[in-house]
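Peer 1: coords please:
(chains A, B, C and D)
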Number of protein chains: 2
Amino acid sequence: MLRAAADFLGRRPNATQDEIAKAVGVSRATLHRHFAGRGALLAALDDLAVALLGEAVEAADLDEGPAAEALRRLVAACEPVSPYLALLYSQSLDLDLDREPAAWLEIDARIVELFRRGRQSGEFGPDLTPAWLTDAFYSLVVGAAWSIQAGRTASRDFTAIVTDLMLHGVTPRDR
Amino acid sequence: MLRAAADFLGRRPNATQDEIAKAVGVSRATLHRHFAGRGALLAALDDLAVALLGEAVEAADLDEGPAAEALRRLVAACEPVSPYLALLYSQSLDLDLDREPAAWLEIDARIVELFRRGRQSGEFGPDLTPAWLTDAFYSLVVGAAWSIQAGRTASRDFTAIVTDLMLHGVTPRDR
DNA sequence: ACACTGTGAGACAAAAACGTCTCATGCGAT
DNA sequence: ATCGCATGAGACGTTTTTGTCTCACAGTGT
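Peer 2: Below is the predicted model of the structure:
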């Protein structure tokens, strides 16, 4: 139920409870029986989004092996939770980093650290900051989810398109 | 007035008319005098967003010179309108491409064409589709605007960070 | 057959947001 | 000094959305 709600709200941030209920496939009364109000629903979605993102980050073993491989694992792990990331984005791009839940800041810090260690080891270049790369990562994951949902990209390509773009950009690699 | 409204709504898609009016620096009554209702305000913002994006695309001369240089010009031209792009994104990621205004489809087609000609000329690799690269471009422009607004990135770096990431990714280039 | 649980539908009250209106104020032009 | 215009503030009506409640129904377990 929360998955369907996240999918829908990620695309329709202003949806009413009635619209969300229809999208999820239950009545508004039933939605209310499960979540004590719109605020409770949104809080549950946020919590789930952060929890699932945390699990994805954990599963990706960001500290292991080459940074490029870790990034690829991270992108793959984030594919199933990309609707939740889109939800986090669409509900409020007005993030106040000082007021975010600790779990989110922990996730963010670990991804920043991945880019930092890649840069330090020389695998990644010195020109782009870890903070920007982390934000770019979020943007591309959400953008890829959107592109797939819009039918402009095949869903099987998710991991490759995000990882290849982040690693190499559009310029062809020498072979 | 519309600029401030777009800035605010890009970050707070659910904002009320009262909140928008405060953010813009006028009273709700005055907002109403300028725009006949919430629907009219949102329509005006959408129209302005598409118009400004169209001007940016026009100014970038996407058909001239190397595709990489055209991309750099495009990113630079889009910096001032990135809040509007963020607004288009946040108001409805539920885009129905068949129902978009012709102006938007024209803009989208021209950016897709830039990536297509870059791929065809060999400047850009064959692995990433022009459609995905166009969506990635939108995502990174919005993500960069957000990163800057959040204070995680310096605003003077906007063009460089988006362009460098799209062209080369994080992998260091041989010098 | 009966009891229990969860649900949908719809009615209704409450709250939130929107739209409209009036009045006072400030500013600029004459 | 006066006039016209735009605005803010706040009141008030309207609409939308939310929250609550009741009743009927279906499914499941005993």
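Peer 1: What lies in contact with the lowest-mean-pLDDT helix or strand in chain A?
Peer 2: Taking mean pLDDT, DSSP states H and E as the measure, the helix or strand of chain A with the lowest value is helix A:82-91, at a mean of 82. Contacting residues not belonging to helix A:82-91 are listed as A:3, A:6-7, A:9-11, A:13, A:42, A:45-46, A:48-50, A:52-53, A:78, A:138, A:141-142, A:144-146, A:158, B:13-14, B:90, B:93 [Cβ atoms under 8 Å, 6 or more residues apart in numbering or on different chains]. Placement of C-beta: from N, CA and C, glycine included.
Peer 1: Narrow these to just the buried residues.
Peer 2: The neighbour-count test (16 or more other Cβ atoms under 10 Å in any protein chain shown) marks A:6-7, A:9-11, A:13, A:42, A:45-46, A:48-50, A:52-53, A:78, A:138, A:141-142, A:144-146, A:158, B:13, B:90, B:93 as buried among the contacts of helix A:82-91.
Peer 1: Tell me how many other residues surround residue A:137.
Peer 2: Using other Cβ atoms under 10 Å in any protein chain shown, residue A:137 has 23 neighbouring residues.
Peer 1: returning to what we had before: now the angle between helix A:82-91 and the very next helix or strand once past the least confident helix or strand of chain A, please.
Peer 2: Next in sequence after helix A:82-91, counting helices and strands by DSSP states H and E, comes helix A:102-120. Interaxial angle of helix A:102-120 relative to helix A:82-91 (axes from the mean of the first three to the mean of the last three Cα atoms, to 10 degrees): 110 degrees.
Peer 1: so how far is helix A:102-120 off the chain centroid?
Peer 2: Distance of helix A:102-120 from the chain centroid (Cα atoms, centre = their mean, to the nearest Å) equals 14 Å.
Peer 1: Could you pull up the mean pLDDT of it?
Peer 2: Averaged over helix A:102-120, pLDDT sits at 92.
Peer 1: quick one: buried residues of it?
Peer 2: Neighbour count says helix A:102-120 has A:104, A:107-108, A:110-112, A:114-119 buried, by 16+ other Cβ under 10 Å.
Peer 1: Chain A: strands as residue ranges?
Peer 2: Counting by DSSP state E, chain A has no strands to list.
Peer 1: Tell me which residue in it sits closest to DNA strand C.
Peer 2: Residue of chain A nearest DNA strand C, by Cβ to the nearest atom of the strand: residue A:30 (2.8 Å).
Peer 1: That residue: neighbouring residues, count only.
Peer 2: Counted with other Cβ under 10 Å, the neighbours of residue A:30 add up to 13.
Peer 1: That one reaches residue A:21, doesn't it?
Peer 2: Yes: because the distance of 7.2 Å satisfies Cβ atoms under 8 Å, residue A:30 is recorded as touching residue A:21.
Peer 1: near DNA strand D at all, the longest helix along chain A?
Peer 2: In terms of residue count, the longest helix belonging to chain A (DSSP state H) is helix A:38-59. Yes: Helix A:38-59 is in contact with DNA strand D by Cβ under 7 Å from any atom of the strand, via A:38-39.
Peer 1: tell me the mean pLDDT for that helix?
Peer 2: For helix A:38-59, mean pLDDT is 90.
Peer 1: Need the contact partners of that helix.
Peer 2: The contact list for helix A:38-59 (Cβ under 8 Å, 6+ apart) reads A:2, A:5-6, A:9, A:17, A:20, A:31, A:35, A:73-74, A:77-78, A:80-81, A:84-85, A:87-88, A:91, A:101, A:103-104, A:106-107, A:110-111.
Peer 1: how about 6 Å then?
Peer 2: Contacts to helix A:38-59, defined as Cβ atoms under 6 Å, 6 or more residues apart in numbering or on different chains, come from residues A:2, A:6, A:17, A:35, A:77-78, A:81, A:84, A:87-88, A:103-104, A:107, A:110.
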